[in-house]
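sequence unknown, structure follows:
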């Protein structure tokens, strides 16, 4: 089992920044990839960014490229999402997730943290 706890959400004005954190515990040593997803009201959950734990390779959805940066701290078993130049359309609940294998669905999810960007 892997437990994921997110933090760092909040209210920010457009153009501002926030950093989300996701602390993992449990079977984290076997995690292949950790990612961030988001779900806005009335919309489906969507992929935002991911990082491969072994080598730090990063993956982003097009709408956040150049604005968001995902990173990891191996010693703390924590993944971060630095969000800059935030836009109102970034408003959503952000979820951290962990995938044990190199492919397939994510296996574990955090409880989510709200990010609200005002215009």
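Yep, it's here. Given the structure is predicted, the values throughout are model-derived calculations rather than measurements.

which intervals of this structure have sub-threshold pLDDT?
In the predicted model of the chain, residues 27-29 satisfy pLDDT under 70.

could you redo the last one with a cut-off of 80?
For the chain, applying pLDDT under 80 flags the ranges 27-30.

At the geometric centre of it, which residue sits there?
Nearest to the geometric centre of the chain sits residue 36, at 2.5 Å (C-alpha atoms, centre = their mean).

That one pairs with what?
The bridge-partner assignment for residue 36, based on DSSP bridges, gives residue 49, residue 96.

That one and residue 59: what is the separation?
Distance from residue 36 to residue 59, counting by C-beta to C-beta, to the nearest Å: 10 Å. C-beta coordinates here come from the backbone N, C-alpha and C atoms, glycine included.

now do residue 104
Going from residue 104 to residue 59 by C-beta to C-beta gives 15 Å.

Those two - which one has more neighbours?
Higher neighbour count among residue 104 and residue 59: residue 59, with 13 against 9, using other C-beta atoms under 10 Å.
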